[in-house]
Each structure stands twice: as structure tokens, then as C-alpha cells.
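**Student:** make a model of this:
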Amino acid sequence: MYILKLILLMVIFCTSTIIGILISKKYSNRVKILKDLREALNIFEVKINFSFETIPEIFKEISEKVKNEAGKIFSDTVINIKNKNMLAGEAWEQAVEANGEGLKQEDINCLKSLGKLLGKTDVDGQVSQIRLVSVFLEKQINQATEDRSKNEKMYRKLGAIVGLIIVIVLI
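**Tutor:** As a prediction, the model looks like this:
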């Protein structure tokens, strides 16, 4: 009976600690996704300025270079354009909405704003929109980095402390 109680208390402590770690991971994941998106938009800007490739070709190449959710947004946009016969802007907005996990709503709204001009204006208009979104992403990266430094350690420690308190109370 004593061993069973000890095992149960250890499971409670470990579960609480793991929950704290998972919550803290959200902050570092957001920073990584935003940095990957900024990098992908830089590639997109260069490609759209200096190559004669179509948007689906550029997005396919970007999705192969950039991994995680950022790359998935670009690959899903290509899939939406080709398989669902969507316009580039609609396909982009739908892909951003579908793959926005780990991002705040303001990040998603900014990324979706890129779709409003995507494929509808000349190269200069699209480049200026890409730059505008990149500037916003830079601000979001700074904010996300600040949030991560404040909250990541706190949630890890909080998970362990809550687990320890529960264990102490149950003893």
C-alpha cells in the first residue's frame, strides 16, 4: 500500500512538471516560428524581385527550405492553389489560418494581410507588402523573445512547485 501511494505521488509530481514544461515550450516555439516566417518572407522577397518564377513555384521552394509550421504554411498554400483552384491570396489566408498553431491572433492577422495583395498587384506592391509584414514580424519576434525570457522559466518552475505542493498535501 505504501509503495502504491509513493508511485502515485511520483506520477502526480512528474505529470505536473511535464505540464509546466509543455506550457513553457509555447513561448520558445512561437519565437522559432516567427523567425522562420521572417526568413521565408525574405526568401520570397528576393525571389519575387529577381526571378520570373510563379508564386506556387517560389512557395514550393520555400516550403522545402523552411521547416515546421512556417514551411507548412507555404506548402499548404501551393496545395490550395493547385488542388482547390484558389487564388494565391485566398490560398495563403486559408493556409495561415489552418497552420497558425503556436502563433497569437495578431500574428495570424498580419500574415493574412499579405494575402490581400498576393498575386493581385505588381511586383513592387507585393514587395512593399512583404516588407511591411517583415517589419511587423520583427516587432513580434522581439515581443515573443521578451515573453519567453519572462515566462518560460516561470512555467517550468511553477509546474514542479505545484506538483510538489500536491504531493506534500497528499502525504
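
**Student:** stretch 158-166: how far from the chain's middle?
**Tutor:** 29 Å (Cα atoms, centre = their mean, to the nearest Å).

**Student:** do stretch 9-19 as well
**Tutor:** Mean C-alpha position of stretch 9-19 versus that of the full chain (Cα atoms, centre = their mean) differs by 27 Å.

**Student:** spatially central residue in the protein, please.
**Tutor:** When Cα atoms, centre = their mean is applied to the chain, the residue found nearest the centroid is Ile33 (3.8 Å).

**Student:** wait, doesn't that one sit right on Leu103?
**Tutor:** Yes. Checked against Cβ atoms under 8 Å, the pair Ile33 and Leu103 is within contact range at 6.2 Å. Bear in mind the C-beta positions are built from the backbone N, C-alpha and C, glycine included.

**Student:** that older thread, so who does the residue nearest to the centre of the chain touch?
**Tutor:** Listed by Cβ atoms under 8 Å, 6 or more residues apart in numbering, the contact set of Ile33 reads 68-70, 102-103.

**Student:** so where does it fall, helix or strand?
**Tutor:** Ile33 is located in helix 2-50, with elements delineated by DSSP states H and E.

**Student:** please name the nearest non-neighbouring residue to Val66.
**Tutor:** Of all residues not flanking Val66 in the chain, Ala40 sits nearest, at 4.6 Å (Cβ to Cβ, 6 or more residues apart in numbering).

**Student:** so what's that neighbour up against?
**Tutor:** Applying Cβ under 8 Å, 6+ apart as the definition, the contact partners of Ala40 turn out to be 62, 65-66, 70-71, 74.

**Student:** quick one: neighbours of Gly159, just the number.
**Tutor:** As a burial measure, Gly159 scores 22 neighbours (other Cβ atoms under 10 Å).

**Student:** meant to ask about Lys116
**Tutor:** Residues lying near Lys116 (other Cβ under 10 Å) number 12.

**Student:** which residues touch the residue lying closest to it once chain neighbours are set aside?
**Tutor:** On the basis of Cβ to Cβ, 6+ apart, the spatially nearest residue to Lys116 that is not a chain neighbour turns out to be Gly89, at 6.0 Å. The contact partners of Gly89, by Cβ under 8 Å, 6+ apart, come to 115-120.

**Student:** filter those residues to the buried ones?
**Tutor:** Listed as buried from the contacts of Gly89 are 115, 117-119; burial here means 16 or more other Cβ atoms under 10 Å.

**Student:** which among the residues you listed gets closest to Leu164?
**Tutor:** Among those, Gly115 lies closest to Leu164 (Cβ to Cβ), at 47.5 Å.

**Student:** in this structure the closest one contacts Ile108, no?
**Tutor:** No. Contact status for Gly115 versus Ile108: not in contact, 11.2 Å apart, counting by Cβ under 8 Å.
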